[in-house]
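Colleague: Just need the structure, nothing else, for what follows:
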Amino acid sequence: MKILLKMGCDLCGSRENLFSAIVENSLMNICQKCLRFGKKVERNKNFNVNEVIKKPKIQEEINLLKDNYHLIIKVNREKLKLSQEDLAKQLNEKLSLIQKIENKELAPNDVLAKKLETFLHISLFEKYKENEVKLNVSNNTLTIGDLLKLKKK
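Modeller: Numbering: from 1, shown residues only. Okay, here's the model as predicted:
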């Protein structure tokens, strides 16, 4: 005995005029009203996961503060034969702030870091390039685990 269940829209449950569509990188059966949330795909078309996954064309570079920023600042300050107090006065900052930065108790914000870089002729940032997300997709199937990997990256 076969029991046939008529499937409804995956979003709202409606049972009228269902279409195959990609919503949030997932293939779903949705109604005409919910079609605005996704992109319609042909039912007879071979589904290709690579069309769903949007691969970043440009890798974003991020500037990160170097781990040894405190030593770079201290060494270059000493090269200029400046005390912490002199440096603070030159940058119009508090002495305690310079002391905390050189003791690595506090990281300089972007504005102060740029001031330090300009005054001491140093570079406190390094470029970091994010790795491209690579999925092991076989047989053009996309699993929930694959989507979680994409979300984390």
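
Colleague: Can you give the domain ranges for this protein?
Modeller: Annotated domains of the chain cover 1-54, 61-129 [automatic domain parsing].

Colleague: From Leu116, how far off is Asp67?
Modeller: 16 Å (Cβ to Cβ, to the nearest Å). (Each C-beta comes from the backbone N, C-alpha and C, glycine too.)

Colleague: What's the mean pLDDT across stretch 23-32?
Modeller: For stretch 23-32, mean pLDDT rounds to 84.

Colleague: Sort out which residues of that stretch are buried, please.
Modeller: Neighbour counts over stretch 23-32 (16 or more other Cβ atoms under 10 Å) mark 28, 30-31 as buried.

Colleague: So which of those belong to helices?
Modeller: Using DSSP state H, no member of the buried residues of stretch 23-32 falls in helices.

Colleague: between those, which is nearest Lys79?
Modeller: Met28 (62.8 Å; Cβ to Cβ).

Colleague: Report the beta-bridge partner residues of the closest one.
Modeller: With DSSP bridges as the criterion, Met28 is bridged to Ala21.

Colleague: follow-up on the earlier one: who wins for proximity to Ile144 among the domains of the chain?
Modeller: Short answer: domain 1-54, nearest of those by Cβ to Cβ, at 8.9 Å.

Colleague: shaky segments in this protein?
Modeller: Within the chain, the segments meeting pLDDT under 70 span 1-6, 43-60, 129-142, 150-153.

Colleague: can you give me the helices in it?
Modeller: Using DSSP H, helices in the chain cover 49-52, 69-79, 84-91, 95-102, 110-120, 144-152.

Colleague: would you turn these into CSV with mean neighbour count and distance to Glu24?
Modeller: Formatted as CSV, these follow (neighbours: other Cβ atoms under 10 Å; distance: least, Cβ to Cβ, whole Å):
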stretch, mean neighbour count, distance to Glu24
helix 49-52, 14, 10
helix 69-79, 17, 40
helix 84-91, 16, 48
helix 95-102, 17, 43
helix 110-120, 16, 34
helix 144-152, 12, 9
